[in-house]
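Chemist: With the sequence up front, the predicted model follows.
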Amino acid sequence: MSYTKTTWVDNQPPYINAENLNKIENQLEINTSDIATNTSAIETNTSNIATNTNAIGNLTELKTTEKNSLVGAVNEVKTGLQYIHNTIIKTVTSANDAIELITLTQLRNLFNAPSAVATDFYAVVNNGDGSAFGKHFESCTWVGNTLHLVWNGTATGSIRINYIIFYVP
């Protein structure tokens, strides 16, 4: 409800009377109620901000050069994220529970990272054709400078391997 201000002039209308005084009182009551409602909303929002700040964390603790903006920090990480992905078919000729996926030298060449070490790489793999190769993949593991794909049990045959390998120096 909007309020129309009354201009008061000495010894001229409008005069101080019950109608004009009640107009002021009614608006004070509305304003008092609005202030209480808004104060409660501000307290709720302040609490929500504190909760969200705790959930997000302290931006100064980001392991990025961007410390003022969460979006900026995410974009910085995204820009620096390097990965390769592919689908390959390998053949296991004798009963085994693992196969060579890729070597450290190959990864260094693919990422143009001559000084990279095995712990700079992370692999995610899945069985691209469970009907043709009925084993589920357990994990990848480094043996020397070769990343091996490991599955449960032993098997022979062709394996379709879907993979993504991240380089995180």
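Modeler: Cool, the structure landed.

Chemist: Tell me which other helices or strands whatever helix or strand Ser158 lives in touches.
Modeler: Assigned by DSSP states H and E, Ser158 falls within strand 146-167. When contacts are defined as 3 or more CB pairs under 8 Å, 6 or more residues apart in numbering; DSSP states H and E, strand 146-167 sits against strand 82-103, helix 104-110, strand 121-127, strand 137-143. From N, CA and C alone the C-beta is placed, and that goes for glycine too.

Chemist: Could you pull out the buried residues of that strand?
Modeler: 147-151, 159-161, 163, 165, 167 (16 or more other CB atoms under 10 Å).

Chemist: any idea how this protein splits into domains?
Modeler: With domains defined by automatic domain parsing, the chain comprises 1-69, 81-167.

Chemist: low-confidence ranges in the chain?
Modeler: 1 (pLDDT under 70).

Chemist: what about the longest helix in it?
Modeler: Longest helix in the chain by number of residues (criterion: DSSP state H): helix 18-56.

Chemist: got the angle for the next helix or strand after that helix vs helix 18-56?
Modeler: For helix 18-56, the following helix or strand on the C-terminal side (DSSP H and E) is helix 70-80. Here helix 70-80 runs at an angle of 30 degrees relative to helix 18-56 (axes from the mean of the first three to the mean of the last three CA atoms, to 10 degrees).

Chemist: Out of the helices and strands packed on strand 146-167, which is the most enclosed?
Modeler: Of the helices and strands packed on strand 146-167, the one with the most neighbours on average (mean count of other CB atoms under 10 Å) is strand 121-127, at a mean of 17.

Chemist: That one versus strand 137-143: what angle between them?
Modeler: Going by the same axes, to 10 degrees, strand 121-127 makes 150 degrees with strand 137-143.

Chemist: Identify the neighbouring strands of strand 121-127 in the sheet and state each direction.
Modeler: Paired neighbours of strand 121-127 in the sheet (DSSP bridges): strand 146-167 (antiparallel).

Chemist: Taking strand 82-103 as reference, get the angle to the partner strand.
Modeler: Using the same axes, to 10 degrees: strand 146-167 against strand 82-103 is 180 degrees.

Chemist: now the residue of the chain most remote from its centre, what's its secondary structure?
Modeler: Taking CA atoms, centre = their mean, the residue of the chain most remote from its mean C-alpha position is Asn11, at 69.0 Å. Under DSSP: H, G, I helix; E, B strand; the rest coil, the three-state class of Asn11 is coil.
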